[in-house]
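1. following is a predicted model, sequence given first.
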Amino acid sequence: MKIDVKICGLSTPETLEAALTRGASHVGFIHFAKSPRHLEIAPMADLVRRVDGRAETVIVSVDPDDALVDRMANEVRPDCLQLHGRETPERVAAVRAATGIKVMKALSIAERADLDAVATYRGVADRLLLDSKRPKGSQLPGGNGVSFDWTLLALLDPEISYILSGGLDAANVGEALRIAHPAGIDVSSGVESAPGIKDITRIHAFFDALDDIAADTDSRKASAL
Ligand SMILES: O=C(O)c1ccccc1NCC(=O)[C@H](O)[C@H](O)COP(=O)(O)O
């Protein structure tokens, strides 16, 4: 089964094109002032226009107030709003109802108890993104380039569909997909040369790794016949 691939924290037309050319299903743009990937609304709207239906566009924000939700919805018009703060299920439902735009809710996972929150967003958020907890000292709720213990995900109800995020890169995505069974994967730092600087070579390397995994899976299936 083909999984979704979200390349997040894009900020230039060139790196956006590279992600789209390689078949990203989702492209993400960050609106969070403390992030090295932060984009103001107008440049973000420009990048979203360039996507022109080739992938789903996602704006990432952290506990946005109603005024910001309104600006993102009306001035950028993304396909999806990713809420990466402490938004409750009620807030997710309210954002969805107010905008008519899909909502992806990000949840931080570090230990077994963190999985309890996942079910409370089921049927409320359109997508769930399971990310690592921010490391001590980081000001960013996401985009920290650290992974969590993927074996925890075996404890989730297998019916729950999620996007796996946090510290993925070309070198570890194969192992992540052997352990976890996500509907999609999300990467940011793993395709950067420095915080906030997306790297076209690393974007290609990430998709090359996914192609290798797909080819390996196909050949295993063929030899099992
Ligand atoms: O990327 C950021 O700077 C960011 C800032 C504030 C909230 C969320 C942020 N990123 C959200 C994402 O979806 C990232 O892709 C996700 O956390 C994975 O990042 P990484 O571990 O760097 O691959």
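-> In hand now; what should we look at?
2. CA only for contacts and neighbour counts going forward, please
-> OK.
3. quick check: residue 108 is in a helix.
-> No. Counting by DSSP: H, G, I helix; E, B strand; the rest coil, residue 108 is not part of a helix but strand.
4. list the contacts for it?
-> With contact taken as Cα atoms under 8 Å, 6 or more residues apart in numbering, residue 108 is in contact with 114, 130, 131, 132, 133, 134.
5. filter these by proximity to the ligand?
-> residue 131 (Cα under 6 Å from any ligand atom).
6. ok, which stretches of this structure are helices?
-> 13-21, 41-51, 66-71, 89-99, 116-120, 173-179, 200-224 (DSSP state H).
7. list the buried residues for the second one?
-> If I follow you right, that is helix 41-51. 41, 44, 45, 47, 48, 51 (16 or more other Cα atoms under 10 Å).
8. just checking, the fifth one touches residue 75?
-> It stands for residue 48. No. When contacts are counted by Cα atoms under 8 Å, residue 48 is not listed as touching residue 75 (10.4 Å).
9. what's the neighbour count on residue 16?
-> The burial count assigned to residue 16 is 25, neighbours taken as other Cα atoms under 10 Å.
10. list the contacts of the residue nearest to it when sequence neighbours are not counted.
-> Closest residue in space to residue 16, ignoring its immediate chain neighbours: residue 10 at 6.1 Å, by Cα to Cα, 6 or more residues apart in numbering. Listed by Cα under 8 Å, 6+ apart, the contact partners of residue 10 are 16, 27, 28, 29, 30, 37, 198.
11. what's the pLDDT at residue 10?
-> At residue 10, the pLDDT value in this model is 98.
12. next one: phi and psi at it?
-> Dihedral pair for residue 10: phi -70, psi 150, per degrees, to the nearest 10.
13. picking up where we left off before, quick one: the helices of the chain as JSON lines, columns for mean pLDDT and distance to the ligand too.
-> As requested, these are exported to JSON lines (pLDDT from 0 to 100; distance: least, Cα to the nearest ligand atom, whole Å):
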{"stretch": "helix 13-21", "mean pLDDT": "98", "distance to the ligand": "13"}
{"stretch": "helix 41-51", "mean pLDDT": "98", "distance to the ligand": "14"}
{"stretch": "helix 66-71", "mean pLDDT": "98", "distance to the ligand": "15"}
{"stretch": "helix 89-99", "mean pLDDT": "98", "distance to the ligand": "16"}
{"stretch": "helix 116-120", "mean pLDDT": "96", "distance to the ligand": "16"}
{"stretch": "helix 173-179", "mean pLDDT": "97", "distance to the ligand": "11"}
{"stretch": "helix 200-224", "mean pLDDT": "90", "distance to the ligand": "12"}
